[in-house]
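**Q** Generate coordinates for the sequence data below:
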Amino acid sequence: MKIIIAGAGAVGTHLAKLLAGEQQDIVLIDESAEKLSKLESNFDLLTVEAKPTSLADLKSAGVNGADLFVAVTPDESRNVTACILAHSLGARKTVARIDNYEYLQPKNREFFRGLGVDALIYPEMLAAKEIADCLRKSWIRQWWEFAGGALVMMGVKVRAGCQMLGIPFMELKKDEPYHIVAIKRGSETIIPKGSDCVMENDLVFFMAARSSIEYIRRITGKAGYPKIKNVLIMGGSRIAVNAARLMHEEMTVKIIESDRARCEWLTELLPSDVMVIHGDGRDRDLLLSEGIDSAQAFVALTDNAETNILTCVASRQFAPVKTVAEVENIDFIRMAESLDIAGVINKKKLAASTIYQMLLDADVNNVKSLTFADADVAEFTVSEKARVTKCLVKDLDLPQGATIGGLVRGKEGMLVGGNTQILPGDHVVVFCLGSMIKKLEKYF
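**A** Residues are numbered from 1 along each chain as shown. Okay, here's the model as predicted:
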């Protein structure tokens, strides 16, 4: 598959690196020769110094033979224009990065499709939804819903109160209403076997039907975690704006921003019940005056990953708050995890997961790249003559590092065992280490 990516910024670069590992035919274009020079020598891709809105430059980059054209420059209007031009030159499918949520409304999506922009992606909104999901469930580190929520995956950090600590999985009850699909232990992600067990401080990924959520909460020792009602956000970014809009009806939200002009912009943009405070979110006295000692969550969304990580750690000296940090430098994600930061937001990973889904030939409804683990989760819709329907799950011979976590049949979420027979039309959720989703397509 030939894929052209316009924009060698954070999202474009991360996507190019990801797809280069998939042995796709990747062309990365940007007007900055300096940005491009750092990539071509280290990754299997072609770089072209070109202007994304120039017809001549797009032709020279080979856009007429592209299966997918992705425009992810920082400028929304350039991205939309580039996609329209790429479509007119023959690109089969186009994707534009935007920063206006109104464009995502169904009627506006149809308008853009008519122009030749097949899909729109708004990384800041994806990040805001991750934050809202993280804070709505105070005891869960990561949360995903599949097939409308009939099946859920939860990442839970287990402590001393967890009832299953040290018990080999083969000794647990056979009818437990969950499937542990992976364990993150230190820097290692484990697909568990019967002889494995959960250890203190593991991040355990559970797959279960929605009806079993409270049971999992109880056995992992999380029953006493309070509901989050008060949230302090440091940094008035677009992510902060969208997160506040999603949460303000359920929680009291305050945003601390150091730039006075931006505070005025935030005040005009946000609902009236969201308080905007001019000040430095690192200021101990300011945090105390704004109620950090009674807050249940602290979210750091400045453009500096180190500041976000350190202020999240510092906030816990005032109260046992749940912390969330925006960490755009992927190298710092492991550091954030080691410092027990509950949620890490990375726009590059979120955007790349969404775009990656568009590359798959199988009917894939959802792809998630796990922030804390080198793993992906995908929701496949099973086709009529799919390989997975020909035998029981135990006889599928799935690639090493892949496991089926569960399925949804009709509207019912079900766990999957070795003797499960998958049927056409089922929605099957697969957990896999590394970038393996492409290898799993042939099964579905």
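
**Q** hmm, who's touching stretch 34-47?
**A** Taking contacts as CB atoms under 8 Å, 6 or more residues apart in numbering, the residues outside stretch 34-47 that touch it are 8-9, 13, 16-17, 19-20, 23, 26-30, 48-49. From N, CA and C alone the C-beta is placed, and that goes for glycine too.

**Q** what does stretch 186-195 give?
**A** 168-170, 180-184, 196, 334, 373-375, 401-403, 431, 433.

**Q** Derive a PyMOL selection command for the buried subset of the contacts of stretch 34-47.
**A** Burial among these is assessed by 16 or more other CB atoms under 10 Å; the matching PyMOL selection reads:
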select buried, resi 8+13+16+17+19+20+26+27+28+29+30+48+49
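
**Q** quick check, nearest of the contacts of stretch 34-47 to residue 99?
**A** Set against residue 99, the nearest of those by CB to CB is residue 9 (13.0 Å).

**Q** Can you point out the helix or strand that includes the nearest residue to that closest one once chain neighbours are set aside?
**A** Leaving aside its sequence neighbours, residue 9 sits nearest to residue 74 (CB to CB, 6 or more residues apart in numbering; 6.0 Å). Under the criterion DSSP states H and E, no helix or strand holds residue 74.

**Q** Check which residues of the helix or strand encompassing residue 38 are buried.
**A** According to DSSP H and E, residue 38 maps onto helix 33-40. For helix 33-40, burial by neighbour count (16+ other CB under 10 Å) applies to 35-36, 39.

**Q** How many residues are close by the residue nearest to residue 9?
**A** 13 (other CB atoms under 10 Å).

**Q** how far away is residue 25 from residue 60?
**A** Noted for residue 25: a distance of 16 Å to residue 60, by CB to CB, to the nearest Å.

**Q** The stretch 51-200 of the chain: strands as residue ranges?
**A** Using DSSP state E, counting those that start in this stretch, the strands of the stretch 51-200 of the chain run over residues 68-71, 94-97, 119-121, 142-146, 151-157, 179-185, 188-190.

**Q** related to what we said a few turns ago, and the next element down the chain from the helix holding residue 38?
**A** For helix 33-40, the following helix or strand on the C-terminal side (DSSP H and E) is strand 46-49.

**Q** Give me the buried subset of the contacts of stretch 186-195.
**A** Listed as buried from the contacts of stretch 186-195 are 180-184, 373, 375, 402-403, 431, 433; burial here means 16+ other CB under 10 Å.

**Q** Where does residue 26 sit: helix, strand or coil?
**A** strand (DSSP: H, G, I helix; E, B strand; the rest coil).

**Q** If you could redo that for residue 226, that was the one I meant.
**A** Classified using three-state DSSP, residue 226 is coil.

**Q** Near residue 259, how many other residues are there?
**A** By other CB under 10 Å, the residues close to residue 259 number 12.

**Q** I meant to write residue 421 there.
**A** 12.

**Q** distance of it from residue 324?
**A** According to CB to CB, residue 421 and residue 324 sit 41 Å apart.

**Q** And the contacts of stretch 34-47, which is the shakiest by pLDDT?
**A** Across the set of the contacts of stretch 34-47, residue 23 stands lowest in pLDDT, at 68.

**Q** ends of stretch 292-304, how far apart?
**A** Using CA to CA, to the nearest Å, one end of stretch 292-304 lies 21 Å from the other.

**Q** Show me which positions of that stretch end up buried.
**A** For stretch 292-304, burial by neighbour count (16+ other CB under 10 Å) applies to 292, 295-302.

**Q** if I pick the nearest residue to residue 84 once chain neighbours are set aside, what's in contact with it?
**A** Residue nearest to residue 84 in three dimensions, not counting chain neighbours: residue 116, with 4.9 Å by CB to CB, 6+ apart. Counting by CB under 8 Å, 6+ apart, residue 116 touches 83-84, 86-88, 94.

**Q** ditto for residue 393
**A** Counting by CB under 8 Å, 6+ apart, residue 393 makes contact with 404, 416-422.

**Q** most surrounded residue in the residues you listed?
**A** Highest neighbour count within those: residue 404, with 26 neighbours (other CB under 10 Å).

**Q** what's the distance between it and residue 442?
**A** Applying CB to CB, the value for residue 404 to residue 442 is 15 Å.

**Q** what do you get for residue 424?
**A** Look at residue 424 and residue 442: by CB to CB, they are 16 Å apart.

**Q** Ok, residue 251 next?
**A** Using CB to CB, which is the criterion applied here, residue 251 is 45 Å from residue 442.

**Q** And residue 173, by the same measure?
**A** Residue 173 is 35 Å from residue 442, by CB to CB.

**Q** Which of those two has more residues huddled nearby?
**A** Higher neighbour count among residue 173 and residue 442: residue 442, with 11 against 6, using other CB under 10 Å.

**Q** circling back to that earlier point, JSON lines please, covering the contacts of residue 393 and showing pLDDT.
**A** Shown next, in JSON lines, are these (pLDDT from 0 to 100):
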{"residue": "404", "pLDDT": "90"}
{"residue": "416", "pLDDT": "88"}
{"residue": "417", "pLDDT": "85"}
{"residue": "418", "pLDDT": "86"}
{"residue": "419", "pLDDT": "89"}
{"residue": "420", "pLDDT": "91"}
{"residue": "421", "pLDDT": "93"}
{"residue": "422", "pLDDT": "94"}
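
**Q** Just the ones of the residues you listed in strands?
**A** Within those, residues falling in strands by DSSP state E are residue 404.

**Q** mind listing what residue 98 touches?
**A** Contacts for residue 98 were tallied using CB under 8 Å, 6+ apart; they are 76, 79-80, 104, 120-122.

**Q** what about 10 Å?
**A** Going by CB atoms under 10 Å, 6 or more residues apart in numbering, residue 98 touches 71, 76-77, 79-80, 104, 112, 117, 120-125.

**Q** ditto for residue 243
**A** Contacts of residue 243 (CB under 10 Å, 6+ apart): 124-125, 127-132, 134-135, 231, 233, 237, 253, 255, 299, 301, 324, 345.

**Q** repeat that with 7 Å
**A** If you count contacts by CB atoms under 7 Å, 6 or more residues apart in numbering, residue 243 has them with 128, 131-132, 233.

**Q** so what's residue 300 bridging to?
**A** residue 234, residue 325 (DSSP bridges).
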